[in-house]
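Engineer: No letters, just coordinates:
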């Protein structure tokens, strides 16, 4: 005789074990008590051993019944995971995500790789821009998820990384404390621009803005050429750089927080999964000091 076991029978058995009652188990799984009793009779036929014994006025699990409950929980869980994976594998659509360039290159590669594995039929559109522009796109519904340096309690969000802002120069830069500090800055609106200028103004250090760029690529180019100093996170650069600080007479700088936000409107399951993945992958404590 075939010994195939129905998942619904295992779910009923688990409910009986956890509720300690056929009646309560029937209410939990949405069946009548007589239907639950019939399921257990069929399950005992498949197993070939009694799953219950009468102790006083109660029916309790036998050793075989307890063993089947233990394995049954694992089987039911695996079935649930298999069905969820099947849904992900066949769902199609588009998810949009935004990020500032420096944190996009630091955090997104591994996140997007994991997401693509779980949701192979979802097309992902990635927007790399400044935080103010990204937050505007989120508010307009053009992004499902975005990373941003902007703190905004209007949206469902979470802190995902804390990185130190640093004085950064190219490997060939030669610092001369007798001369005004040559700055390489992004144009407005730029949080890093404001951090640099505020720190220098408060410390009374003479400075001159030598190069200005609307993009991180332009800032990188000028830094690599050794033309001056900028303020960024270290993750913003791939080429060899120098970190400047107190030895060069430069003031300390604050840390920069990066947040993940999701659209305030109803999001697709894939967009929600991407947001959850970002939360679970990023660790603010481990990100500090990179």
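Structural biologist: Here it is on my side, so go on. No experiment lies behind these values; they were computed from the predicted model shown.

Engineer: contacts, neighbours, all on C-alpha from now
Structural biologist: Noted.

Engineer: residues contacting residue 143?
Structural biologist: 95, 96, 97, 98, 134, 137, 262, 263 (C-alpha atoms under 8 Å, 6 or more residues apart in numbering).

Engineer: Mind checking what helix or strand follows the helix or strand containing residue 106 in sequence?
Structural biologist: Element membership for residue 106 (DSSP states H and E) is helix 101-118. Heading C-terminal from helix 101-118, the first helix or strand you meet, by DSSP H and E, is strand 122-128.

Engineer: So which elements touch that following strand?
Structural biologist: Packing partners of strand 122-128 (3 or more C-alpha pairs under 8 Å, 6 or more residues apart in numbering; DSSP states H and E): strand 93-99, helix 101-118.

Engineer: let's see it at 10 Å
Structural biologist: When contacts are defined as 3 or more C-alpha pairs under 10 Å, 6 or more residues apart in numbering; DSSP states H and E, strand 122-128 packs onto helix 63-90, strand 93-99, helix 101-118, helix 131-139, strand 145-148, helix 269-281.

Engineer: and of the contacts of residue 143, the nearest to residue 251?
Structural biologist: Distances from residue 251 to the contacts of residue 143, taken as C-alpha to C-alpha, are shortest for residue 134 (30.1 Å).

Engineer: now the closest one: how far from residue 127?
Structural biologist: In this view, residue 134 and residue 127 are 8 Å apart by C-alpha to C-alpha, to the nearest Å.

Engineer: Counting neighbours, go ahead and name the busier of the two.
Structural biologist: Shown here are residue 134 and residue 127; by other C-alpha atoms under 10 Å, residue 134 has more neighbours (24 against 17).

Engineer: Enumerate the beta-bridge partners assigned to the closest residue to that one other than its chain neighbours.
Structural biologist: Nearest-residue entry for residue 134: residue 98, 6.2 Å, with adjacent residues in sequence omitted and distances by C-alpha to C-alpha, 6 or more residues apart in numbering. As for beta bridges, residue 98 partners with residue 127, residue 146 under DSSP bridges.

Engineer: coming back round to it: how about the helix holding residue 106: buried residues?
Structural biologist: For helix 101-118, the neighbour count (16 or more other C-alpha atoms under 10 Å) marks 101, 102, 103, 104, 105, 107, 108, 111, 112, 115, 118 as buried.

Engineer: so which two of these are the farthest from each other?
Structural biologist: Distances among these were taken as C-alpha to C-alpha; the most separated pair is 102 and 118, at 25.4 Å.

Engineer: All the strands of the stretch 151-290 of the chain, in order from the start?
Structural biologist: 156-170, 181-186, 207-213, 229-233, 241-244, 255-262 (DSSP state E, counting those that start in this stretch).

Engineer: what's the angle from the longest one to strand 229-233?
Structural biologist: In other words, strand 156-170. Interaxial angle, strand 156-170 versus strand 229-233 (axes from the mean of the first three to the mean of the last three C-alpha atoms, to 10 degrees): 150 degrees.

Engineer: same check, this time on the last one
Structural biologist: Angular relation of strand 255-262 and strand 229-233 on a 0 to 180 degree scale: 50 degrees, by the same axes, to 10 degrees.

Engineer: circling back to that earlier point, so what does the helix holding residue 106 touch, helix or strand wise?
Structural biologist: The contact analysis (3+ C-alpha pairs under 10 Å, 6+ apart) places helix 101-118 against helix 63-90, strand 93-99, strand 122-128, strand 145-148, strand 156-170, helix 216-224, strand 229-233, helix 269-281.
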